[in-house]
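>>> need a 3D model of the sequence below.
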Amino acid sequence: MIDPTLRRLLAITLFSLLAACGGGGDSKTGATQNPDISAVPPGTTAPGTKPGDTLPPPPLTTPPGGQTATFTRPEASRFLGRATFGPDMAAIDALAASDSDAWFRAQFSKPQTLHRKYIDAKYPTAGAAATKAVPNDFYESFWQQAVRGDDQLRQRVTFALSEIFVVSTQNEAVWPQTRGVASYYDMLGQHAFGNFRTLLQGVATHPMMGLYLSHLRNQKESATRTPDENFAREVMQLFTIGLYQLNADGSLKLNGGKPIDTYTRDDVSGLAKVFTGWSWAGPDQGANRFFGSVADPDRDWMPMQNYAAYHSTSEKRFLGVSAAGAAGGEADMALALDTLFNHPNAGPFFGRQLIQRLVTSNPSPAYVGRVAAAFANNGSGVRGDMQTVIRAVLLDPEALAPAGSSLRTGKLREPLVRLGNWMRAFHAKDAALQYRIYYLSDPLSGLGQNPMNAPSVFNYFRPSYVPPNSALATAGLVAPEMQITSEPSVTGYLNFMQDAISGGVAENSAVRADYSAELALAEQPAALLDRVNLLLMSGNMSSRLRTKILSAVTSIAIPAANGSNAAQVTKAKSNRVYLAIFLAMASPEYLVQK
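Presented below is the predicted three-dimensional model:
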């Protein structure tokens, strides 16, 4: 429980900070959505032979020239705030003493730990994991790796990919499949450092995506049935090419002043036929296995297989190509995914979304163009090299330019990332290593967000979302994360973090920060604030904000130690630390990642 005196001081100072920043005026945005997600601007079996294997890293690629950077400590903190779930002081110092190339090579070389391994270990009886695991089991594994994982770049990029290639446990068919959801997330992590084409194959053939977008058990056309078009539509609209044709820099191609559609209704119908005949993996192609009454024990994570009896043999026309009638399901899918992968929209469309998830909501066309160029050619003639694309996103001159005050700069930190920032910066740990952080979805009592639990295939927020009646709208800019920002969510975040910082998070507040380094500076409030500033805000705290927080922290008197008041001294020091961290994390300067 928070000390009443500290709570009053928190409230008074927070009100002062928000009033000074004009806080809250444009945050009532949760009810409005943009209809066009792509408006600009406004053979895949996993490596290993058994569940739980640790996956080796993919081969390292050579990046294009000119992509090595060195960093000061503030610059290192800023870079790590985008490329990971947040820096701690050791990570900042290590990167500042090295360079980006060494850091990337180390991160790309780290093996992957499977979330499926955690669930299988929790339910070791044969077949138990697939039937007994619940979403909370995945949340435990998610936070263990997000906070403690050494492969932080993979952790952060995988989370970004999960918000682009969405599968959600809010779907009633997906919700019972916790091990399958964990393996889907593993699949995204596996291909995060591979090739976009292989990633796309993994997405298209994973049974959880098959359930979520209903192309698992999708049957060929008949006199009374047309193939399900759900995945066929979304694989174009959301995952690869978007609604409108793009120039190489992501800007819209226009005809008579109007955007040009990338696909037609007929393209959707033709592509839907491609995704017929796909269903659960197993040793045969019988009807009972196709429909699911005969189940392989690992069907929840093994890639779907094609059943010839249920796959359309008619000609399939889409996006200017044609699949021969009798080519077979695997060949038809290969042609479809190759066509999407090689579409000129793929690089700028995917590149812009990855920039938005990691760096800034409103990248310039030049920034998008450079990332799209890296997607098109990694310097060795390879298209879709994810390592090169990730480097291009994080090392672009626009990303590394000094933080400015322009509305175009930066992005709103989403709630889950803020929580990860705090846990990593202050070494929050669960003594039992369980990380039972479950109930975050409620915006009032939690954070309004949980991993793999988005309300729709459009994620928690759309890339093109514009807060109505705001300065951003007037400027023609987007702010995706503002779609889940409202008065209740702002209040919920502040209350949640106030309790977390002082008392911990998770079941029984088992995940607690280690403030040893901060407590050692409690009697030096300026030095304490400098440390918090570097960890959370990359040293970019404004002098005005610093003065206000410093005044609030200093107002907490630390009694002189007299041999009998150790508890009072410790309490005062702790309250200084709590206040400094909370006010920093509550400030708009932290919430907007620059």
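
>>> which helix or strand contains Leu340?
Here Leu340 is covered by helix 329-342, with elements defined by DSSP states H and E.

>>> no wait, Arg576
Assigned by DSSP H and E, Arg576 falls within helix 566-586.

>>> ok, and what's touching the helix holding Leu340?
Helix 329-342 has contacts (CB atoms under 8 Å, 6 or more residues apart in numbering) with 196-197, 200-201, 204-205, 235-236, 239-241, 271, 273-278, 306-308, 311, 316, 318-319, 321, 323, 327, 346, 383-384. The way it works is simple: take the backbone N, C-alpha and C, and place the C-beta from them, glycine included.

>>> so for it, what gets flagged as buried?
329-330, 332-337, 339-341 (16 or more other CB atoms under 10 Å).

>>> using CSV, list the CA coordinates for that helix.
What follows is helix 329-342 as a C-alpha-only set of coordinates in CSV (Å, rounded to 0.1, in the frame of the first residue of the first chain):
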residue,chain,number,x,y,z
GLY,A,329,-2.6,-27.0,-53.2
GLU,A,330,1.1,-26.5,-52.3
ALA,A,331,2.0,-25.2,-55.7
ASP,A,332,-1.0,-22.8,-55.8
MET,A,333,-0.1,-21.4,-52.4
ALA,A,334,3.5,-21.0,-53.4
LEU,A,335,2.5,-19.0,-56.5
ALA,A,336,0.1,-16.8,-54.4
LEU,A,337,2.6,-16.0,-51.7
ASP,A,338,5.4,-15.5,-54.3
THR,A,339,3.1,-13.0,-56.1
LEU,A,340,2.4,-11.1,-52.9
PHE,A,341,6.0,-11.2,-51.8
ASN,A,342,7.2,-9.8,-55.1
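
>>> rounded mean pLDDT for that helix, please.
Mean pLDDT, helix 329-342: 97.

>>> ditto for stretch 56-73
74.

>>> mind checking the end-to-end distance for it?
31 Å (CA to CA, to the nearest Å).

>>> torsion angles phi and psi at the nearest residue to Lys411 once chain neighbours are set aside?
Nearest residue to Lys411 in three dimensions, chain neighbours excluded: Ser361, at 4.4 Å (CB to CB, 6 or more residues apart in numbering). The phi and psi values for Ser361, taken as degrees, to the nearest 10, are phi -70, psi -20.

>>> burial count for Ala510?
Burial measure for Ala510: 17 neighbouring residues, criterion other CB atoms under 10 Å.

>>> what about it, distance to Ala432?
Distance, Ala510 to Ala432, by CB to CB, to the nearest Å: 6 Å.

>>> tell me if Phe193 really is in a helix.
No. The assignment for Phe193, made by DSSP: H, G, I helix; E, B strand; the rest coil, is coil rather than a helix.

>>> how close does it get to Ala76?
Noted for Phe193: a distance of 21 Å to Ala76, by CB to CB.

>>> which stretches in this protein count as strands?
When secondary structure is read from DSSP state E, the chain shows strands at 254-255, 258-259, 278-279, 305-306, 316-318, 321-323, 411-412, 429-430, 511-512, 592-593.

>>> just checking: what are the partner strands of the first one?
Partner strands for strand 254-255, per DSSP bridges, with pairing direction: strand 258-259 (antiparallel).

>>> near the closest residue to Asn218 other than its chain neighbours, how many other residues are there?
Of all residues not flanking Asn218 in the chain, Asp228 sits nearest, at 4.6 Å (CB to CB, 6+ apart). Neighbours of Asp228 under the rule other CB under 10 Å: 18.

>>> hang on, Asp228 packs against Leu216?
No. Using CB atoms under 8 Å, Asp228 is not in contact with Leu216, being 9.4 Å away.

>>> my guess is Gln434 meets Ala510, correct?
Yes. If you go by CB under 8 Å, Gln434 and Ala510 touch, sitting 6.8 Å apart.

>>> so, low pLDDT: which residues of the chain?
Applying pLDDT under 70 to the chain flags residues 1-55, 58, 60-66, 405-407.

>>> can you rerun that using 50?
19-52 (pLDDT under 50).

>>> list the contacts for Lys411?
356, 359-361, 479-481, 592-593.

>>> can we see that at 7 Å?
Taking CB atoms under 7 Å, 6 or more residues apart in numbering, we find Lys411 in contact with 356, 360-361, 481, 593.

>>> please report how far it lies from Met482.
According to CB to CB, Lys411 and Met482 sit 10 Å apart.

>>> please pick the buried ones from the contacts of helix 329-342.
196-197, 200-201, 204-205, 235-236, 239-241, 271, 273-278, 306-307, 311, 316, 318-319, 323, 327, 346, 383-384.

>>> out of those residues, list just those in helices.
Using DSSP state H, 196-197, 200-201, 204-205, 235-236, 271, 273-274, 346 are the members of these that sit in helices.
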